[in-house]
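J.: Return atomic coordinates for the entry below.
(chains A, B, C and D)
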Protein chains: 2
Amino acid sequence: MRLTTRGRYAVTAMLDLALHSEQGPVCVNAIARRQDISAAYLERLFRALRDRGLVCSTRGARGGYELCRCAGEISVADIMAAVDEPLDATRCASARNRLTCELWSGLTQHVRDYLENVTLAQLCRGDSPPGTAAGVSKS
Amino acid sequence: MRLTTRGRYAVTAMLDLALHSEQGPVCVNAIARRQDISAAYLERLFRALRDRGLVCSTRGARGGYELCRCAGEISVADIMAAVDEPLDATRCASARNRLTCELWSGLTQHVRDYLENVTLAQLCRGDSPPGTAAGVSKS
DNA sequence: GCAAACCCGACTATTCAAGTCGGGATTTTA
DNA sequence: TAAAATCCCGACTTGAATAGTCGGGTTTGC
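T.: Numbering: from 1, shown residues only, chains lettered A, B, ... in the order given. Just a heads-up that it's a prediction; the model follows:
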């Protein structure tokens, strides 16, 4: 498990896209400028997002990217999976580590539960994700 | 946030220690053999664990390491902190990313909550950590 | 005195992260 | 019809960090 700029930037870019989606396709350069992220790097992330079906692309002048699904149907976990940001903490090289293996599996599930429970739409609204002081935990 | 061998090996080693603690100080080589981990690398991890007060060392022949506190008082989070395995997912370079900042802050808290809630004693008993299928979530 | 075992700072090779490059293809606009 | 805007793509580079090593010192028990 690790959290690198791939995951962060992907979520940031998708959020930017969601916030500007009513204006038609958003080009990579605009997002890069708004978020102060390398456009070339961002482009590679968008490639992955497109391949995973989270965004659609429009080529040519006035081209760019748009969400393929509505923001309420895209979770942070989806985005992370798209850019291959590993959430899996489990690495059971041998059976001797069953006890710790269960620990890491549990952690993995815990993280997934959290990220699967946060959608782009919630991020747009500024809804506090569950587990923060402002967001009261629900069942 | 990332999970590397430092964290994994430290938890594995502490667990091994806890399971063998009634036999007096456990030497690094014994743990290294049982867990198939480089002894030299393990030694560096134990240095950090000792400095953080999680284990005590005994030099000389028949020396080794022992837990400084009982297993029920040492959480996985303590171990991770000792070997400097970063759990913090937050990286708010600028205020423009408040929305995602809260996301990562929430994730960090979520992970901390989980790891702080698992002690070495529970791992020893094979108690499923909370959140896994076998462990029913409690309040 | 030797072996076992901790102690410590410094070092190395490999992997991966973060980003770049160079050019092709498509679409719109003037 | 050419230029500009923008996606498309495989390959590449540099620096940081990981995983582990090294070499020798010190302590303790036998």
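
J.: For A:Glu85, which three-state class applies?
T.: coil (DSSP: H, G, I helix; E, B strand; the rest coil).

J.: give me the low-pLDDT residue ranges for chain A?
T.: Flagging of chain A using pLDDT under 70 yields the residue ranges A:92-96, A:128-139.

J.: run the last query once more with 90
T.: Filtered on pLDDT under 90, chain A yields the residue ranges A:1-2, A:21-23, A:84-101, A:126-139.

J.: And the strands in it, which stretches?
T.: Assigned by DSSP state E, chain A shows strands spanning A:55-58, A:64-67.

J.: any idea which of those is most buried?
T.: strand A:64-67 (a mean of 20; mean count of other CB atoms under 10 Å in any protein chain shown). Using the backbone N, CA and C atoms, a C-beta is placed for each residue, glycine as well.

J.: Show me what it is in contact with.
T.: Here strand A:64-67 makes contact (CB atoms under 8 Å, 6 or more residues apart in numbering or on different chains) with A:14, A:17-18, A:21, A:24-28, A:30, A:46, A:49-50, A:54-58, A:74, A:120.

J.: Distance-wise, check the residue of chain A found nearest DNA strand C relative to chain B.
T.: Going by CB to the nearest atom of the strand, DNA strand C is nearest to A:Gly60 of chain A, at 1.9 Å. A:Gly60 sits 29 Å away from chain B, going by CB to the nearest CB, to the nearest Å.

J.: Tally up the residues packed near that residue, please.
T.: 7 (other CB atoms under 10 Å in any protein chain shown).

J.: Now it. Its backbone dihedrals?
T.: Note on A:Gly60: its backbone torsions stand at phi 90, psi 170 [degrees, to the nearest 10].

J.: Check the contacts of strand A:64-67 one by one and keep those near DNA strand D.
T.: Applying CB under 7 Å from any atom of the strand, the subset of the contacts of strand A:64-67 adjacent to DNA strand D comprises A:Pro25, A:Val26, A:Cys27, A:Val28, A:Phe46, A:Arg50, A:Ser57, A:Thr58.
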